[in-house]
Structures are given as C-alpha cells and as structure tokens.
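In: just coords:
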C-alpha cells in the first residue's frame, strides 16, 4: 500500500510590519501662522475680505470648504488653485513643528515600522512643510479627508492613525485602524472620544512611550497565541 504523503505543514502567519499614519495640520505641524499669511495674501490679491483669524480656528477639512465661506461657488475651484500656487511663498517658512512631532515619527521608525502622512492638504505643499521642518516620513499622501483617508491607510497597511480632528477619527475607523487622537487642533478630548477615538493623548510628546507599550502588548499577545 502506497503511503500517503504527509500533509504539508501550514506556515505560521507572517506578522505585518508596523505602519502608523499621521495627519499633518495641527497634528505634526502648527500651520496656523502659514495658512493665516496665505489667506491674507489671497485676500489682498482678490480684494475679497477673508477673516484669516477665523479660518485658522477650523483647520482640518478640505480647502474648498473654507473657501466657500468667502467666495461664490463658481469661483471656489479657481481660488483653490490660486491659493495652492501662492501657498509655498507665504506659508512654509512661518509654519511650526508641533511639540514631539519629529520624535513621534522617529519612534515608529526606531521600532522597524513605517510612518506615513495622510492629509487633506495639497500633497506637494505637505511635502514642502515636512522637508522644511526636517521630518522624514516613509510616504506622504495628500488630498484625502475623513473617511477617504481610509483608502491610503488600507493601501499602506496602517494599523494606527494619529490625528487631531473628528474627521481623522472617522478615517481611522473606516480603515479598521486604531484611532489615536491628540486634542491639539480644533477638536477637544470630549469631541474626539465621542467620535470614536480609542486613545487620546495630551500631545505627541506622549506618543513614543504609548507606542512602545502598544507594540510590546501586541508582541506578547502574538506569543501567547503561538
């Protein structure tokens, strides 16, 4: 009787590499001074009164939503293009790094992971900000807001997404990623938790320690299941 071949052993699943996504405005960078300057320049050029002080209190949603407060619908596309054109000359230099931002990105990479930036901002301008401030993520993806951010988070296999806005929380949850929020933008802790944020840190200074604990717990769980 011919012996049957031994069943092939099932290989253990390969752990997915750690990928963490970050929002940009008011998460990694304080872009309020730069955006304020860009709106003032657009106002001076067009003669349309734009309250730049007010505009920078509601950062997060796409540019067109803010421009709709100041321009008629048939001019929004044109004004959006013009704003993005003048943005580098006015907004890059005044923009500041949020406390702990560089260290947060580095903490992911120090653990062998990938740090990506997923933002609603015009991607070339997002890259200019990061280069100017010396932050080096592994990828930058622009033009995505709220639930649409899930496209990039899924594509890059992000298991964590860090942001400051309820739209960021929705993007993380849509992607099936852990939502980590920081109340450093227009949304406070209560709003972020109500939107579904699973972790709320006071700022990015607390992120490296949290990440190390998160990864250690994940490793311990995988060893228990092995």
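Out: Yes, it's here. Source: prediction; values computed, not measured.

In: what domains does the record give for this structure?
Out: For the chain, automatic domain parsing gives the domain ranges 19-31+96-225, 32-91.

In: Now residue 27: phi and psi?
Out: With angles defined as degrees, to the nearest 10, residue 27 sits at phi -110, psi -60.

In: Quick one: neighbours of it, just the number.
Out: 27 (other CB atoms under 10 Å). Bear in mind the C-beta positions are built from the backbone N, C-alpha and C, glycine included.

In: With adjacent residues omitted, what lies nearest to it?
Out: residue 164 (4.7 Å; CB to CB, 6 or more residues apart in numbering).

In: From residue 56, how far off is the one you found?
Out: 13 Å (CB to CB, to the nearest Å).

In: Comparing these two, which residue is more hemmed in?
Out: Neighbours per residue (other CB under 10 Å) separate residue 164 from residue 56, with residue 164 holding more: 26 against 20.

In: confidence score at the more buried one?
Out: pLDDT, residue 164: 98.

In: so where's the protein uncertain?
Out: By pLDDT under 70, the low-scoring segments of the chain are 1-15, 224-226.

In: returning to that earlier point: of the domains of the chain, which stretch is the most buried?
Out: A comparison of the domains of the chain by mean neighbour count, using mean count of other CB atoms under 10 Å, puts domain 19-31+96-225 on top with a mean of 20.

In: thinking again about what came up before, who's in contact with the residue nearest to residue 27?
Out: Residue 164 makes contacts with 23, 25-27, 60, 181-187, 192, as judged by CB atoms under 8 Å, 6 or more residues apart in numbering.

In: So which residues make contact with the lengthiest helix in the chain?
Out: The single longest helix within the chain, with elements called by DSSP state H, is helix 207-225. Helix 207-225 has contacts (CB under 8 Å, 6+ apart) with 15, 18, 20, 100, 103-104, 107-108, 111, 160, 162, 178, 180, 182, 199, 201.

In: just the strands in the chain please.
Out: Listed in chain order, the strands of the chain (DSSP state E) span 19-22, 29-30, 96-97, 114-118, 139-141, 160-163, 178-181, 199-200.

In: counting contacts, what elements does the first one pack onto?
Out: Just to be clear, that refers to strand 19-22. Other elements packing on strand 19-22 under the criterion 3 or more CB pairs under 8 Å, 6 or more residues apart in numbering; DSSP states H and E are helix 101-110, strand 114-118, helix 149-155, strand 160-163.

In: swap in the second one?
Out: Under the contact criterion of 3+ CB pairs under 8 Å, 6+ apart, strand 29-30 touches strand 96-97, helix 123-133.

In: Distance across stretch 51-65, terminal residue to terminal residue?
Out: End-to-end distance of stretch 51-65 (CA to CA, to the nearest Å): 14 Å.

In: That stretch: how far from the chain's middle?
Out: 17 Å (CA atoms, centre = their mean, to the nearest Å).

In: Just the residues contacting that stretch, thanks.
Out: For stretch 51-65, the surrounding residues in contact (CB under 8 Å, 6+ apart) are 25-26, 31-32, 35-37, 39-40, 43, 66, 69, 76-77, 80, 83-84, 120, 122, 145-146, 164-165, 167-168, 185-187.

In: same question, stretch 108-118
Out: Residues outside stretch 108-118 that contact it (CB under 8 Å, 6+ apart): 17-24, 28, 104-105, 126, 130, 137-141, 144, 149, 152-153, 156, 158, 161, 171, 211-212, 215.
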